[in-house]
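Q: coords please:
(chains A and B)
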Amino acid sequence: MKGNVIKYDRDNIDTDVIIPGQYLKVHDYAELATHAMEGLDPDFHSKVKEGDFILSGKNFGSGSSREHAPIALSHSGVKAILALSFARIFYRNSVDGAFLLPIEIGQDAYDGISDGDELDIDISTNEIKNLTTNQSYKMKPFSEIIGKIIEAGGLFKYKPELN
Amino acid sequence: MNIVEKILARASGKSSVAPDDVVFANVDKVMMHDVSGPGVLKVFDKLRKQGIDVDKLWDPTKVWVAEDHFVPSADKLSAENIVKLTDFTKNYGIEKHFKYGMGQYGICHTLSHEQAMVMPGDVYVGGDSHTNTTGALGAFAVGLGHTDIAYVLLNGNIWFKVPETYYFKLNGKLPEHVMAKDLILKIIGEIGNDGGAYRTMQFGGSGIDDMSVESRLTLCNMTTEAGAKNGIVEPDQKVVDYLSAKGASNFNLVNGDADAEYAKVFEFESSEMEPIIAKPFSPDNTCVVSEAPSVELDKSYIGSCTGAKYEDLEAAAKVLKGRKVKIRTEILPAAISIYQRAMENGLLKIFLDAGVTVGPPTCGACCGAHMGVLAKDEICISTTNRNFPGRMGHVESQTYLSSPMVAAASAVTGKITDPRDLI
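A: The predicted structure is shown next:
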């Protein structure tokens, strides 16, 4: 999976800046995408391209359970978020709804990847290659259940061996 | 096992579970509102296109619905969402739909206790992050997104990773004019806005024994702001009495075992707490009121699932009685039942005499949805739960989070004020 990075060098990107509360009444996915990241970066919609990745610090997606947040990013073309850590509902919504991949990275990758860099991410080997700098990093592997749900293509396609 | 492990073991048909186990737990109650409900409908549409049967819910009697975020309807789109939600509950045979304008309605987390919708020992999931609130009744109460709620509606169960538990031992009764909101802001300030991430935050100790159920609800409500999966208090006689007064019976109390394990134990001297605020732009950016910045406030807002329960209004009334507000002040009781009691007991007269605007139950401006949102550069003191950039309106507005007593005292002076300086 190849794409370019939009980097927000900060922690705690919350769901209110990813998609402000006034748009919670909107359920049209394409319209939500036009307001993605509006609370932090009003230019996001004009600069994001299909296949891009977002890179940010810790506690990405903190706050609300609004599924509008991963929906708005995913329908903007974002395929994965790389962050030092994630808030739990955002993480879960991203995976269970199969909107995008929440990838936990270490400080080395965070420091070594810059805005605009091109990455090649392979979740089967947990490897992130920075094609711009020719450096490689390891992502934190997905837990077993998360890996299975991602592989299935979302919670509804996942057939658990029940208990 | 601790209380959460016992609830999850029971709900997943296992004799025991431990942190990090993944279980599919049977759900006892599920809630959605006028934002998550239409979101779930979109998921149903998607599933229908994929050939998945969405014609029948697993058990409509276990589902309840609130109208709270955009009511009274803010505009055409939010009015249409209410129509969609109403059609949905009719078509799927959901009878517990609290509609605004038809008797009891209010914020979903407030109805969960005012209407005794959730019982101790339940696995309760809601399409809202502050579902954590209801853990104060001794339930495993967790917020989920639209896809997960849709999954629960169709299957009656959902996956959970059994969380580690952080135990917060609270020592002693809160001093007069200091509230549970001050205590939970203190805790979040210490552990940080991801200090409880993915974990249970359980509250106990003599500070909890002495605390009302409504104050415990405030503690659990704000565990979301520390990133917690859920907040919980072991149910005691106070919870039984509280729910019995709301018409509940047949209690099946679950408590932790004597040898229950906790990943970490924190101690807080609740008897030594002082009024605390969270400054913009995070609930963990706290300081005691005596060290608050000297800002000119534009507005005081007493509302939301966090800060507009009956006890919260009573506390605000103590401060506002016989005084006048100096800044724009709005009080929105969190449910009609609270509004009614406030009327019967004279609180509404105190508020109106003070110059306050009393509004209908709604999430309203707490989430920047409508009714009293902030303009650019406006500064608000608020009894709500979050103060992220743009949370209550313009991205360049500012919100200070506080207890209802601090918000009321600040309404009187126009500056961030310790209620003990007025009373």
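
Q: and chain B, what are its domains?
A: Chain B breaks down by automatic domain parsing into domains covering B:3-268, B:278-421.

Q: got a list of what the residue nearest the centre of chain A touches?
A: In chain A, the centroid-proximal residue (Cα atoms, centre = their mean) is residue A:81; its distance is 2.4 Å. By Cβ atoms under 8 Å, 6 or more residues apart in numbering or on different chains, the residues touching residue A:81 are A:53, A:54, A:55, A:56, A:60, A:61, A:73, A:94, A:100, A:101, A:102, A:103. (C-beta placed from N, C-alpha, C; glycine too.)

Q: where does chain A have low pLDDT?
A: Across chain A, the ranges flagged by pLDDT under 70 are A:161-163.

Q: cutoff 80 now
A: Applying pLDDT under 80 to chain A picks out residues A:159-163.

Q: for the stretch 101-250 of chain B, same thing?
A: For the stretch 101-250 of chain B, no stretch is flagged by pLDDT under 80.

Q: from chain B, how far out is the residue nearest to the centre of chain A?
A: Note on residue A:81: its distance to chain B, by Cβ to the nearest Cβ, to the nearest Å, is 15 Å.

Q: re the thing from before, among the domains of chain B, which is nearest residue A:20?
A: For residue A:20, the closest of the domains of chain B is domain B:278-421, at 5.4 Å, according to Cβ to Cβ.

Q: chain center to the closest one, what's the gap?
A: Its chain's C-alpha centre and that of domain B:278-421 lie 15 Å apart, by Cα atoms, centre = their mean, to the nearest Å.

Q: what of stretch A:124-135?
A: Relative to its parent chain, stretch A:124-135 has a centroid offset of 17 Å by Cα atoms, centre = their mean.

Q: got the buried residues for that stretch?
A: A:128, A:129, A:130 (16 or more other Cβ atoms under 10 Å in any protein chain shown).

Q: re earlier: kindly reformat the domains of chain B as a markdown table containing mean neighbour count.
A: Listed next are the domains of chain B as a markdown table, based on neighbours: other Cβ atoms under 10 Å in any protein chain shown:
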| stretch | mean neighbour count |
| --- | --- |
| domain B:3-268 | 21 |
| domain B:278-421 | 22 |
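
Q: redo these as TSV? Include distance to residue A:29.
A: Below are the domains of chain B laid out as TSV (distance: least, Cβ to Cβ, whole Å):
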stretch	distance to residue A:29
domain B:3-268	8
domain B:278-421	20
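
Q: I'd say residue B:292 and residue B:416 touch.
A: Yes - using Cβ atoms under 8 Å as the test, residue B:292 is close enough to residue B:416 to be in contact (4.0 Å).

Q: identify the contacts common to those two.
A: Common neighbours of residue B:292 and residue B:416 (Cβ under 8 Å, 6+ apart) are B:277, B:400.

Q: so which of the contacts of residue A:81 are in helices?
A: Among the contacts of residue A:81, the residues falling in helices (DSSP state H) are A:73, A:94.

Q: could I get the contacting residues of residue 77?
A: All of this is about chain A. A:48, A:49, A:50, A:51, A:52.

Q: chain B is the one I meant
A: A:25, A:26.

Q: likewise for residue B:2?
A: Residues near residue B:2 by Cβ under 8 Å, 6+ apart: B:165, B:167, B:200, B:202, B:256, B:257, B:260, B:261, B:262.

Q: contacting residues for residue A:47?
A: residue A:6.

Q: helices of the chain, residue ranges please.
A: Using chain A. A:15-18, A:29-34, A:44-47, A:68-74, A:88-96, A:107-112, A:144-152.

Q: can you look at chain B instead?
A: For chain B, the helices defined by DSSP H cover B:3-11, B:36-49, B:76-91, B:108-114, B:146-155, B:180-191, B:206-209, B:213-221, B:237-245, B:304-307, B:310-320, B:336-344, B:347-354, B:404-413.
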